[in-house]
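>>> for reference, the sequence and a predicted model appear below.
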Amino acid sequence: MKKIILIAFVTLLSFSAQAQEGLTWHTDMSKATDISIKENKPLFMFFTGSDWCGWCIRLQKEVFNTPEFIKWAKESVVLVELDFPRKSDQTDAVKTQNAQLQQQLQVRGYPTVWFVGATKTADAKINLNALGSTGYAAGGPEKWLASANQIIKK
């Protein structure tokens, strides 16, 4: 019996590792914006409390860690995690960046996902164009991705 439980546990861990394989979550908006402009993809800005927000953790488990989301994300967006942890340390630069973006996009709760288009002006300034936002929605990856696709097709 113990062997079966151990095998099941190892199988689940390997599936979880495979699911996240290849996804890059940026924490530096400057780098993410450059990639977004270069690849002509919107920014997927995930405002989260990674170590305390139950709905954020649930969204990650039910949607972000699924093969459907991973395939979609690789093709459609540049992922940015804007984290507001309570137990983990962050650099002052990351804290400042995240707080400024939270204020700019008027994020009031977690999880919040903003889809944003990025452009550069002639004098190399970056403009962010908010396309829309969403949060947790029950119904699994299919429902969540349908909603996300409606936002980014605007």
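That came through fine. Since this is a predicted model, take the numbers as computed values, not measurements. Numbers count the residues shown, from 1 in each chain.
>>> got a list of what the residue nearest the centre of the chain touches?
For the chain, the residue sitting closest to the mean C-alpha position, by CA atoms, centre = their mean, is residue 46 at 3.9 Å. Counting by CB atoms under 8 Å, 6 or more residues apart in numbering, residue 46 touches 25, 64, 79-82, 111-113. C-beta: built from backbone N, CA, C; applies to glycine.
>>> how about the helices in the chain?
Using DSSP state H, the helices of the chain run over 2-20, 29-39, 54-59, 67-76, 92-104, 140-152.
>>> right, so of those, which gets closest to residue 131?
Among these, helix 140-152 comes nearest to residue 131, with 5.5 Å by CB to CB.
>>> the closest one packs against which elements?
Secondary-structure packing of helix 140-152 (3 or more CB pairs under 8 Å, 6 or more residues apart in numbering; DSSP states H and E): helix 67-76, strand 112-120, strand 126-134.
>>> dump the ones you listed to TSV, plus mean neighbour count.
As requested, those are arranged in TSV below (neighbours: other CB atoms under 10 Å):
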stretch	mean neighbour count
helix 67-76	15
strand 112-120	20
strand 126-134	15
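>>> could I get the helices of the chain as a markdown table with distance to residue 86?
Formatted as a markdown table, the helices of the chain follow (distance: least, CB to CB, whole Å):
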| stretch | distance to residue 86 |
| --- | --- |
| helix 2-20 | 23 |
| helix 29-39 | 22 |
| helix 54-59 | 12 |
| helix 67-76 | 26 |
| helix 92-104 | 12 |
| helix 140-152 | 26 |
